[in-house]
Structure formats: C-alpha cells, structure tokens
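Asker: Structure, please.
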Amino acid sequence: MLTTVHAFSGFSVDDLAAAKTFYGGVLGLDVKEGGMGALQVTLPGGHEVFVYPKENHELATFTILNFVVTDIDAAVDELNAAGVTTKIYRDPDFNTDEKGIARGRAAGYGPDIAWFRDPAGNVLSVLSD
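Answerer: Numbering: from 1, shown residues only. Predicted coordinates for the structure are as follows:
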C-alpha cells in the first residue's frame, strides 16, 4: 500500500487568467493562486484540483470534473444564464434535450447529466444524484 499524506488531481489549461475567471467567477468556486504559476481550485466538499498552464495544452475529450446537483434543470439554467453552453453533443444516437441534458433516469441508463466546456475546452458536467 502506498503511504500518502495528501492527494489531489490536476489538469491543464491554455489560459490561466481565463480559467481563474471561469472557475472562480462563473462557477463560484474558491480559486487561489498556487505555487509554480498554477491555480488551486477548491471543489464543493473541500477537495482541491491543481489547474496549471501548459503551452501546448490539448483539451480533455473526456469529463474531468463532475458537479453533483440536486436540481439539474436549475443548474443548467444557471450555467446558460452565465453564458455557458450545455448542449455540446449533437450525436443523434446520444439523445440530449434542448438544454443539453441527457435524461438517463427516465431511460433507465444512469443519472440526468449535462456536459459543458471550460475556456480551455476541457469537458465538465453537472449531474443529479
């Protein structure tokens, strides 16, 4: 077994100032400037994510952060009001409604979930528990 003191996740962005504005301003998370020119983002529940600049950043094509919400429609409405696009998938085999929500509960295949992107193009989601 690996003996650790602390663990955290991290991901890259191409514009640290835009990331700070998005994660702190749009999503309302606690964002602090950390060491090595990176950001320390505190997620609900107290866990931290290290967001670092990378000159040759490649956006994540998979979901890097999931935000659990009690009311997915209200969460999507809040994101859309803040200028965030939640309908990012247009695959006819992967049905999302006009808000971009995949209604998994009604279909019996998972949670209700909506995906969106940060300014660097990384995929995030809100999902109902």
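Asker: what's next to the lowest-mean-pLDDT helix or strand in the chain, contact-wise?
Answerer: Averaged element by element with mean pLDDT, DSSP states H and E, the chain has its least confident helix or strand at helix 104-107 (a mean of 83). Contact with helix 104-107 is made by 95, 110, 111, 112, 113, 128, as judged by CB atoms under 8 Å, 6 or more residues apart in numbering. (Each C-beta comes from the backbone N, C-alpha and C, glycine too.)
Asker: Just give me the neighbour total for the third one.
Answerer: A count of neighbours around residue 111, defined by other CB atoms under 10 Å, yields 16.
Asker: same question, the first one
Answerer: Other residues near residue 95 number 12, with proximity taken as other CB under 10 Å.
Asker: for the second one, same thing?
Answerer: The number of residues packed near residue 110 is 11, by other CB under 10 Å.
Asker: what about it, which SS state?
Answerer: On the three-state scheme (DSSP: H, G, I helix; E, B strand; the rest coil), residue 110 is labelled coil.
Asker: Quick check: the gap between the nearest residue to it once chain neighbours are set aside and residue 94.
Answerer: In this structure, residue 110 finds its nearest non-sequential neighbour in residue 104, 3.6 Å apart by CB to CB, 6 or more residues apart in numbering. As judged by CB to CB, to the nearest Å, residue 104 and residue 94 stand 11 Å apart.
Asker: Quick one: the strands in the chain, in order.
Answerer: Using DSSP state E, the strands of the chain run over 9-13, 30-33, 39-42, 48-53, 63-69, 101-103, 112-117, 123-128.
Asker: What residues of the third one count as buried?
Answerer: I take that to be strand 39-42. For strand 39-42, burial by neighbour count (16 or more other CB atoms under 10 Å) applies to 39, 40, 41.
Asker: Enumerate every residue touching residue 20.
Answerer: Residue 20 makes contacts with 31, 33, 39, as judged by CB under 8 Å, 6+ apart.
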